[in-house]
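Q: Have a look; sequence and predicted model below, questions after that.
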Amino acid sequence: PTPEAFRAAAEAAAAAAPLAALDLAALSIAPRAPIAPRAEPPPAVAAEPLALAYDGLAVTVAGPVAPALIEALRGGLAQAAAEVDRPPPEVVDASLALDAPPQTARVALALAAARAMLLAREARAEVGNGLLDFQAVVEDADAAEALEAALRAAVPPAATLLLQIDAPPPVFAPYRFVVSLRPEGLSVLGCDMPDPEARALALEALRRLGAAEGRGGRALCRLGVGAPSADWAQAAAAGLEALEQLGSGRFELLDADARLVGLPPASAWRTEAAGKRLAAALPEGFALRLVAPAAGPGLPRRGESEDVDWFTAALAEDGLVLSGGAPDPASLAAVKAFAHARLGARLAAPLEAEALKTVEAAPPAAWRRAALAALEALGPLEQGEAGFDGSVLRVAGLAEGPAAAARVEAALAAARQAGVATRSEISVDPRRAAERLPLPPVACLDRLGAEVARSPVVFPPGSAEIDAESAPVLDRLAAVLRRCAGVVVEIEGHTDSQGRESTNLALSQSRADAVLDALLVRGAPYRALRARGYGEARPIADNAEEEGRARNRRIAFSAAPPGTTR
């Protein structure tokens, strides 16, 4: 009300009910102060989720997004791409600009989703407040496991993760089964199978011939579609039986083309006999080519047999084997030296080159160029085999990614420029690249704990000498430690409570030191490891029972406190 209206109302009230305490003359009425304008509400945090989509080439961002988050995504994707040695994907900004700083939790979830997308063939994600809904399509079950582990390690503990990963069977072209059998052992250079039953049968046959499990316990055979015949597994089994009869040779099955190669010391007549039995055993629709062995002195001269392999090089997980006939001692020495220079650092066993020797026959003029190109092409491969029959250089093998396959092709292109015809069948396995991605601290420690929980490091009673049966788990632990990033790992030694406390403390320290030394020998990073014995001070079970004492005698892993020394 106005001051006049207020005064009139007061006089009327005083007349109706006189108030002794009310002095109207002294009543002071101030004009109403203007009402301050209401402040603008703070910018709201988007309630709508942020959407990310990845198609293998680019990451598209949609929904309400702060510009700073777009830049953070670009930086995070560039770093993740550099870690796997690939170009960073393009970031397509299809978002609605949000006039507010991005929430820290929202940034963490978006970065975790974007980095994980690089492990998928295609993916989409929705990032809400404390919620990540992630869906992806990957190559296979192993890739799905790697993707899930990466996401769970990167997503903050307070956030909720909804995860759906599909792994359709991959398509292999060509479909391959390549096995080399020599007196020193069996090498599996390729094994594609259409279903678990076929793989189980193939693995059983391979183990009968002496094949070991793949690196890190991975199965030797891959599952995927593309087999040219329902009788693929039967054809592979027939080839293995022929190899067993031959004793030394190589069997190749590329789509419907089969090839049996005799290798020294197998003779030509034995190769021919094994080939005849294989031809009768192969299912209908498969074509067989037979290659006679090159037997050192007395090799056929060029033109007498186009099927002779004048040079072969087989690269497997356990070493490199060279064989064939060199034209002169200088060429022989050059090829051996080049093999040492290019592949020597990777070999777990000494180079085997006794079967490579000079011969009285006349090898092809391009022998040295072809042999050096073969070794150059094998360099980027995880495992493979190369052979030169005098006219064509053939290379087959397994690469960890497209970049490695491209380096093989570059080596073969150089050979073609030098006048050597080439043929290659390279399979790409991106899982191997994923296995080399850095592990964040939490994931690193979880992986180390899982390994020793599955296979504890074993010591004889009262001894700090590691039992030989623990070699495989030490290999796996060293492989994990090479991937750990941003953490110094403490190797903890623990004992039960039996015996003197001082003795137990000294024993636990000696055992932790022994594990440290064993891991360093296997290539674990020296600067990222510490060893400490705790004796009986940190039990995880009741020492009154033998079962509890057995659990307390253990090697464990944790993040080393700052300033910890060896």
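A: Now that the structure is in, tell me what you want to look at.
Q: In the protein, where is pLDDT below threshold?
A: By pLDDT under 70, the weakly predicted segments of the chain are 1-47, 98-102, 212-219, 293-309, 317-318, 345-353, 360-363, 429-436, 563-566.
Q: Which other helices and strands does the single longest helix found in it contact?
A: Counting by DSSP state H, the longest helix found in the chain is helix 501-521. The helices and strands touching helix 501-521, judged by 3 or more C-beta pairs under 8 Å, 6 or more residues apart in numbering; DSSP states H and E, are helix 471-481, strand 489-494, strand 529-535, strand 554-559. For glycine as for every other residue, the C-beta is placed from the backbone atoms N, C-alpha and C.
Q: Can you list the buried residues in the last one?
A: Buried residues in strand 554-559, counting neighbours by 16 or more other C-beta atoms under 10 Å, are found at Arg554, Ile555, Ala556, Phe557, Ala559.
Q: Then the first one?
A: The neighbour-count criterion (16+ other C-beta under 10 Å) identifies Val473, Leu474, Asp475, Arg476, Leu477, Ala478, Ala479, Val480, Leu481 as the buried residues of helix 471-481.
Q: from memory the second one sits against Ala518, does it?
A: It refers to Leu474. Yes: under the criterion of C-beta atoms under 8 Å, Leu474 is in contact with Ala518, at a separation of 5.1 Å.
Q: Residues that sit against both of these two, list them.
A: With contacts taken as C-beta atoms under 8 Å, 6 or more residues apart in numbering, Leu474 and Ala518 have Ile466 as neighbours in common.
Q: Could you give the number of residues near Val92?
A: 14 (other C-beta atoms under 10 Å).
Q: What separation do you get for it and Val458?
A: Taking C-beta to C-beta, to the nearest Å as the criterion, Val92 is separated from Val458 by 54 Å.
Q: hmm, back to that, identify, from the buried residues of helix 471-481, the entry nearest to Val155.
A: Among the buried residues of helix 471-481, Val480 lies closest to Val155 (C-beta to C-beta), at 20.4 Å.
Q: number of nearby residues for the closest residue to the closest one other than its chain neighbours?
A: Using C-beta to C-beta, 6 or more residues apart in numbering and skipping residues adjacent in sequence, the residue nearest Val480 is Arg447, 4.9 Å away. Summarising burial for Arg447: neighbours were counted as other C-beta under 10 Å, giving 20.
Q: any idea how far Arg447 is from Val127?
A: Using C-beta to C-beta, we find Arg447 at a distance of 26 Å from Val127.
Q: sorry, back to before: can you pick out the most distant pair from the buried residues of strand 554-559?
A: By the measure C-beta to C-beta, Arg554 and Ala559 form the most distant pair in these, at 17.4 Å.
Q: can you map out the helices along the stretch 301-450 of the chain?
A: With DSSP state H, counting those that start in this stretch, the ranges of helices along the stretch 301-450 of the chain come out as 329-343, 367-378, 402-417, 430-434, 441-454.
Q: Deepest-packed of those, please.
A: Neighbour counts averaged per stretch over the helices of the stretch 301-450 of the chain are highest for helix 367-378, at a mean of 24; criterion: mean count of other C-beta atoms under 10 Å.
Q: Check which helices and strands that one is in contact with.
A: Applying 3+ C-beta pairs under 8 Å, 6+ apart, we find helix 367-378 packed against strand 311-316, strand 319-326, helix 329-343, strand 383-388, strand 392-399, helix 402-417.
Q: could those be laid out in TSV, adding distance to Ser248?
A: Rendered in TSV, the data for the helices and strands packed on helix 367-378 read as follows (distance: least, C-beta to C-beta, whole Å):
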stretch	distance to Ser248
strand 311-316	12
strand 319-326	10
helix 329-343	21
strand 383-388	14
strand 392-399	18
helix 402-417	26
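Q: closest to Tyr54 out of these?
A: Using C-beta to C-beta as the criterion, the shortest distance between Tyr54 and the helices and strands packed on helix 367-378 is 17.1 Å, found for helix 402-417.
Q: And for that closest one, what's in contact with it?
A: Residues from elsewhere that reach helix 402-417, judged by C-beta under 8 Å, 6+ apart: 85-86, 369-370, 373, 376-377, 379-382, 393, 395, 397, 399, 422, 424, 426, 428.
Q: ok, of the residues you listed, which come out buried?
A: Listed as buried from those are 369-370, 373, 376-377, 379-382, 393, 395, 397, 399, 422, 424, 426, 428; burial here means 16+ other C-beta under 10 Å.
Q: who's in contact with Gly486?
A: Pro440, Pro441 are the contacts of Gly486 under C-beta under 8 Å, 6+ apart.
Q: Quick check: the gap between it and Gly190.
A: As for Gly486, its distance to Gly190 is 37 Å (criterion: C-beta to C-beta).
Q: Kindly report the same for Ala114.
A: Ala114 sits at a distance of 34 Å from Gly190 (criterion: C-beta to C-beta).
Q: ok, now Pro283?
A: 19 Å.
Q: Compare neighbour counts for those two and give me the winner.
A: When neighbours are counted by other C-beta under 10 Å, Gly190 comes out ahead of the other of Pro283 and Gly190, with 26 against 14.
Q: Test my guess that that one contacts Ile426.
A: No: when contacts are counted by C-beta under 8 Å, Gly190 is not listed as touching Ile426 (10.0 Å).
Q: so what sits against both of the two?
A: With C-beta under 8 Å, 6+ apart as the test, Gly190 and Ile426 both reach Ala396, Gly397, Leu398.
Q: Pairing partners for the second one in the sheet, please.
A: The residues listed as beta-bridge partners of Gly397 by DSSP bridges are Gly384, Ile426.
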